[in-house]
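> can you look at this prediction? I've put the sequence above it.
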4 protein chains.
Amino acid sequence: MKGRIKMGMVGGVHEGSIGAVHYMAASLDGLIECVCGAFSSDPKKSNITGEKLFIESNRIYDTYEQMIENEKRNNEPGRIDFISIVTPNYLHFPIAKLALDSGFHVVCEKPMTMNVVEAKTLDDLSKDRNLLFATTHAYTGYPMVKEARVRVQEGCLGEIRKIIVRYQQGWLSTFVEESGHKQASWRMDPLKAGIAGSMADIGTHASNLAEYITGLGIEEVCADLSTFVNGRKLDDDGSVLVRFERGAKGIIYASQVSTGEENALAINIYGTKAGLEWSQQDPDTLVIKWPQKPSELVRKGTNYEFLSRTARAACRMPSGHPEGVIEAFANIYKNFALCLQDLSEGRKPVDEHRDFPTAYDGLRTMLFLEAIVESAKSNKKWVRLSSVG
Amino acid sequence: MKGRIKMGMVGGVHEGSIGAVHYMAASLDGLIECVCGAFSSDPKKSNITGEKLFIESNRIYDTYEQMIENEKRNNEPGRIDFISIVTPNYLHFPIAKLALDSGFHVVCEKPMTMNVVEAKTLDDLSKDRNLLFATTHAYTGYPMVKEARVRVQEGCLGEIRKIIVRYQQGWLSTFVEESGHKQASWRMDPLKAGIAGSMADIGTHASNLAEYITGLGIEEVCADLSTFVNGRKLDDDGSVLVRFERGAKGIIYASQVSTGEENALAINIYGTKAGLEWSQQDPDTLVIKWPQKPSELVRKGTNYEFLSRTARAACRMPSGHPEGVIEAFANIYKNFALCLQDLSEGRKPVDEHRDFPTAYDGLRTMLFLEAIVESAKSNKKWVRLSSVG
Amino acid sequence: MKGRIKMGMVGGVHEGSIGAVHYMAASLDGLIECVCGAFSSDPKKSNITGEKLFIESNRIYDTYEQMIENEKRNNEPGRIDFISIVTPNYLHFPIAKLALDSGFHVVCEKPMTMNVVEAKTLDDLSKDRNLLFATTHAYTGYPMVKEARVRVQEGCLGEIRKIIVRYQQGWLSTFVEESGHKQASWRMDPLKAGIAGSMADIGTHASNLAEYITGLGIEEVCADLSTFVNGRKLDDDGSVLVRFERGAKGIIYASQVSTGEENALAINIYGTKAGLEWSQQDPDTLVIKWPQKPSELVRKGTNYEFLSRTARAACRMPSGHPEGVIEAFANIYKNFALCLQDLSEGRKPVDEHRDFPTAYDGLRTMLFLEAIVESAKSNKKWVRLSSVG
Amino acid sequence: MKGRIKMGMVGGVHEGSIGAVHYMAASLDGLIECVCGAFSSDPKKSNITGEKLFIESNRIYDTYEQMIENEKRNNEPGRIDFISIVTPNYLHFPIAKLALDSGFHVVCEKPMTMNVVEAKTLDDLSKDRNLLFATTHAYTGYPMVKEARVRVQEGCLGEIRKIIVRYQQGWLSTFVEESGHKQASWRMDPLKAGIAGSMADIGTHASNLAEYITGLGIEEVCADLSTFVNGRKLDDDGSVLVRFERGAKGIIYASQVSTGEENALAINIYGTKAGLEWSQQDPDTLVIKWPQKPSELVRKGTNYEFLSRTARAACRMPSGHPEGVIEAFANIYKNFALCLQDLSEGRKPVDEHRDFPTAYDGLRTMLFLEAIVESAKSNKKWVRLSSVG
């Protein structure tokens, strides 16, 4: 592949937007270059952002349709290879669909779509057209999450019995939508966010993390969703009893009204031989708990021989040098870019490069989401995930 | 009151038994003296223990009936004031009932009884006879748990929305009963333990802790109980969705197959104004989490002016000097003893001394236990706690 | 030995005094009974304390001389076996000397004496008379400190290169002596405390801990002592470069003006093969740090097979059940009592029982103290510890 | 300023080199573009690196002299604005001097030079020519270090009494130079590293951190430097007693033979009103310790109103989203770039942008280094820093 991989963005890079993180993550390793964008539904804002990012003015677009149309006809070497979608949820599907239909690979924010049908469509489409599709469940990009996945799936914990994921934030503890808080407002608007609020926004990260690390699919759920803040239209808290494949059980809870919590995502997994703990706010350490020997602190770092190749490949620094969520995001972009290079040069992407969440993973989270929303309304104890995925 | 308060024990003080902890806890503050006991159903073992504890040989009894009978007729100043029951569950009720019927105050291990009916009987009886009854949910004896209770009930967190208690141990991860592990064997024997295994043994601590700190009663539960280890007769793991009074919701999970965990009891509480976290394995610190100011580490210590009187009264050491579970147990014995002194000297016990779990608290845990066992068998989502308590 | 070992106390058990801790520690395991005392230089206070402790009135003494004299002539079975000295520093020597001269074993608070000469006298005397002498450097009583000692001395870390001990408190950050703070006042009074303030009070704990764990004697020091608070007469902070036997080097720093610190004693030791970390405020965990495998969290608990026998013997509870400083103190009393039993029954005390700090350890701390005080005044870089010990 | 700021690099971006971090840090925010480089003294390696970084082939240089010469004559808009020096120590001075002489701004790795004279020359030269000079003491780039600086210098801790910095790594615990470990070999080669080994490599970070946060200059030192590993030519461990301006005292210790440690840099500062603690391996939290209220966990995050503007400007993510050392490095590059923009557009750089370590800070570390090396050889207790800076 000649030169950097070319990216076009849809959605903002302004204050408080996740787009800025995508931009940094894509830039970090020097493999990807953002060459165009439709950065806002407001053309003025799109322009301001584009200039700030040193985008050539003729490639700052007013709409994503325009961008995709133009780039599709672009025959120059600078033509984009993929589109990164960082908009509110309801726009993910139409943009991603148009992008795939136009032959572009896609990186898409989570939750991937508004429902299972859309998710299934994108998953099928990307497979049919042999296009790459990454869903940015970014916490899977942390080296120690990858290490956990390798160890669990290699049987280090024995047979898995129990999986507990919690994801707690506190920023929606009060009715911030009322005073026009932008990030809160669309997330709690059913038209823009979909059938769920906090469970869509962060609950899907939790279910994804459980399935990513263990490789066990969620089969049944029993959910209690709540809207604690008056005036709010969607859930801001949820607790779910979970049954996984192969007899494992679990609990997934997510809340954005956990007053005083920041971004407390954590997972505990217990098997017949050992237990495991990882926490996003202390991401460099994976605790392995043994029954009759001391717990081990498995730590991130390129210079640790005891780490799996997959985890080491996701580290940029030697041990003791913290890396964070931008690097985790960047690991998704990096693997996506390496796969893209492989494809463009006619190689089958190696497993290691393919280690990023795909449209299928996005579809899994939508199945989880629809099931818990159904369960929350039901008097029946257990609701099965639909078998579409 | 002249001299120390006199205690008779029923149950063992041998290796691995909780009785040894009771003995140390009762001795720590010099208020209580163990003067007699029926330390084992095996008279030989009872004798060995009694001698080790320097008990006069004529007050080492073969059976608890004998002990209660003899002590009842004892008119010397050394006559016992109360009986401490540290046997397996199924013996709690008959011993406690006989003790109360004979006019002795009681300290009883948890879970208090085998079922709600027994618990109700003891609670009524102790009230009718005006006898003190402590149930050793010992984690309520930690100073920082008391501080949490004071702060939550004074409104420091605002209205409570969510309560999450987890209690995880790993020592039953394998079928240790098979090789005759004594502590495991009776705890997993329905005849000795009752209707539940791990949920009875530690799940009741979790429900007690939630109610103790918040003052909110559990109203409804939705439980998924498991027996992960083949051959075992009772649950070794359980997850429960909980609905409390006043709209608060929660999750209580307890497990003794969390491989690699030691004694990981922790509670998180979130209200409209702030959140709170306490963990039994780091008991000297209570974390208060605020939405727009730094989290605070509220710490145990007699020399902290910001602590409540109740918490300070439960500390024996200045700040930075760890105290542990023996001291937490001792705080139950100490308050029990101080109440006893008050009673014997005709004073109404002050609130501070009355701060220990009673038969009513034990009854609450039995209501919880019966409800979750029913829920675990039911296809209905929610089961209400019976209104007996 | 028939019945419990009998203890007489010299010094107070009132609010804020370390005597209360000694009393609880001696009571905890039921091996020792406090039967008499001279609890204060003020006979009234001595009486109040004695009554509170249920001491028979004729054995509450006005002075320690009286107590020793009377008990010496006591031929009853209740005669004391040893004397526990919990007074300010300047009284340790005369009391301990009289006790030893009268044939009583001794438990003595730290720092053992006012100077090396006194310390040497007591060490010699206890050896000559074959009497037990414990100095309550209580932090050596923690199970994980004992585990550290076993592992280091068995070579687990390889050859020791560096030892760093810090001991920081903040309670003397302001001139509390001025307002009559009792504990502060005598500790900063040269007549009562000796040649050093904070270095005597807590610096000696630090030097003792280093020598206890590593078995390496301190040979040379280079000290910078400070008195940060105006009006104070002794040091309230000190930093010391240290050279140990066999080429190990180190740093010992102690301060009571570390504003906001509670009782932050911690030690790090580095050898050719591994490193180690222990912290008094988190006493149940010993971290072993390996170069090419994960760090291990070695944890307290009677049910861990990987712990040394010595450490397990110092645990009263299963894993995950915190114990604290009272238990650490109690471990000194317990071993002291077990040795006393051995002696009284004509057995040579086993090594395990002999694991408590002796007069020799107290002497070592006085050698350290005199050397750093000399160094602090000197322009010469290194001062050798005198070879008396 | 039109377009991104243009950077030329001298030194490698290959495996294990700090150059890769500089490259990522410079790329992260999209303000800087690496357009040319002399990436290795071996032209072949320089070419490989340059191609990997998508540098145009005619701007991949064989030597830094060639690069500076060519770029100086370059009149195109793509001409470099500054040179980033990521070579071993002995090359910093000649490259930086030539760069400054040629009118280029400079970013330079630490320790800035081989000695004080070189450092003074560069500091003077950059000032005389009004060129920006950043020394990458990257730990000053952490938001919570900046918060510490703001709070300390605003008096939040009161008058500073004690400053303790430790910096411990374990990767030089064995004689890795012997087997050709590249990073170790030059760092322990006096010709390439200078007068000190570990103290130059990481001890200077420690002294810089102390001066950066407190604003107090180091005045006197008393050092004990060691070479624990046989065959090694420079120190691999050092302990230093320190006297700062205004009566503050401290300890600085650095070691690369702390077996099992990763990159354990931490600082504790104590003043008359409060204490403070920050640790590089947990960089998002700053602990403020108060004497009579709970310790506070001041945490990184763009959405915290209680943070200083300076700290918030250094955060890219909301609270609870970890950032690491790459971001800390990037904060130096970002501020450097913003100052450069200011300068190029004729504005006086605002204080906030000027918050990065300069040649003067580099000079300060060289003064510290020369003083401790002198002290280590001396029998005199205290050595003053020369007054050149």
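Structure received.
> tell me which element A:Ala99 falls in.
Secondary structure from DSSP states H and E places A:Ala99 in helix A:89-101.
> let me see the residues that make contact with the helix or strand just after that helix.
Counting by DSSP H and E, the next helix or strand C-terminal to helix A:89-101 is strand A:105-108. Applying C-beta atoms under 8 Å, 6 or more residues apart in numbering or on different chains, the contact partners of strand A:105-108 are A:7, A:22, A:81-85, A:92, A:96, A:99-100, A:122, A:126, A:131-136, A:332-333, A:336, A:340, A:359, A:362. Placement of C-beta: from N, CA and C, glycine included.
> neighbouring strands for strand A:105-108, and are they parallel or not?
Paired neighbours of strand A:105-108 in the sheet (DSSP bridges): strand A:82-85 (parallel), strand A:133-135 (parallel).
> what's the spacing between the helix or strand that that strand is followed by and its chain's center?
Once strand A:105-108 ends, the next helix or strand along the chain (criterion: DSSP H and E) is helix A:116-128. Chain-centre distance of helix A:116-128: 17 Å, with C-alpha atoms, centre = their mean, to the nearest Å.
> which other helices and strands does helix A:116-128 contact?
Here helix A:116-128 touches helix A:89-101, strand A:105-108, strand A:133-135, helix A:359-377, going by 3 or more C-beta pairs under 8 Å, 6 or more residues apart in numbering or on different chains; DSSP states H and E.
> deepest in the core, which of the ones you listed is it.
strand A:133-135 (a mean of 28; mean count of other C-beta atoms under 10 Å in any protein chain shown).
> elements contacting the very next helix or strand once past that strand?
Remark: after strand A:133-135, the chain's next helix or strand is helix A:143-153, criterion DSSP H and E. Counting contacts by 3+ C-beta pairs under 8 Å, 6+ apart, helix A:143-153 is packed against helix A:204-214, strand A:264-271, strand A:275-279, strand A:285-289, strand A:295-299, helix A:309-313.
> so which of those comes closest to chain B?
Minimum separation from chain B across those (C-beta to the nearest C-beta) falls at strand A:285-289, 2.5 Å.
> average pLDDT for that closest one?
For strand A:285-289, the mean per-residue pLDDT is 98.
> strands paired with it, and their directions?
Here, using DSSP bridges, strand A:285-289 pairs with strand A:275-279 (antiparallel), strand A:295-299 (antiparallel).
> what comes into contact with that strand?
A:144, A:147-148, A:151, A:156, A:274-279, A:295-300, B:170, B:259-261, C:294.
> just the buried members of these?
A:144, A:147-148, A:151, A:274-279, A:295-300, B:170, B:259-261, C:294 (16 or more other C-beta atoms under 10 Å in any protein chain shown).
> for A:Ile163, see how far away the nearest residue in space to A:Ser386 that is not next to it in sequence is.
Distances taken as C-beta to C-beta, 6 or more residues apart in numbering or on different chains place A:Leu367 nearest to A:Ser386, at 5.9 Å, with adjacent residues excluded. Using C-beta to C-beta, to the nearest Å, we find A:Leu367 at a distance of 17 Å from A:Ile163.
> can you check A:Gln66 too?
45 Å.
> try A:Ser295
19 Å.
> and A:Thr140, how far from B:Ala134?
50 Å.
> bridged to the nearest residue to A:Trp382 once chain neighbours are set aside, which residues?
Using C-beta to C-beta, 6+ apart and skipping residues adjacent in sequence, the residue nearest A:Trp382 is A:Glu220, 4.6 Å away. Bridge pairing for A:Glu220 (DSSP bridges) gives the partners A:Arg243, A:Arg384.
> give me the number of residues near A:Glu220?
Neighbour count for A:Glu220, taken as other C-beta atoms under 10 Å in any protein chain shown: 17.
> and the pLDDT for it?
Among the per-residue scores, A:Glu220 holds a pLDDT of 98.
> what's the answer for A:Gly16, then?
So, for A:Gly16, pLDDT stands at 67.
> for A:Ala254, grab phi and psi.
Main-chain torsions, A:Ala254, degrees, to the nearest 10: phi -140, psi 140.
> what is it paired to in the beta sheet?
Beta-bridge pairing for A:Ala254 (DSSP bridges): A:Tyr167, A:Gly238.
> near chain C, which residues of chain A show up?
A:Ile288, A:Gln292, A:Lys293, A:Pro294, A:Ser295, A:Glu296, A:Leu297, A:Val298, A:Arg299, A:Tyr304, A:Glu305, A:Phe306 (C-beta under 8 Å from any C-beta of the partner chain).
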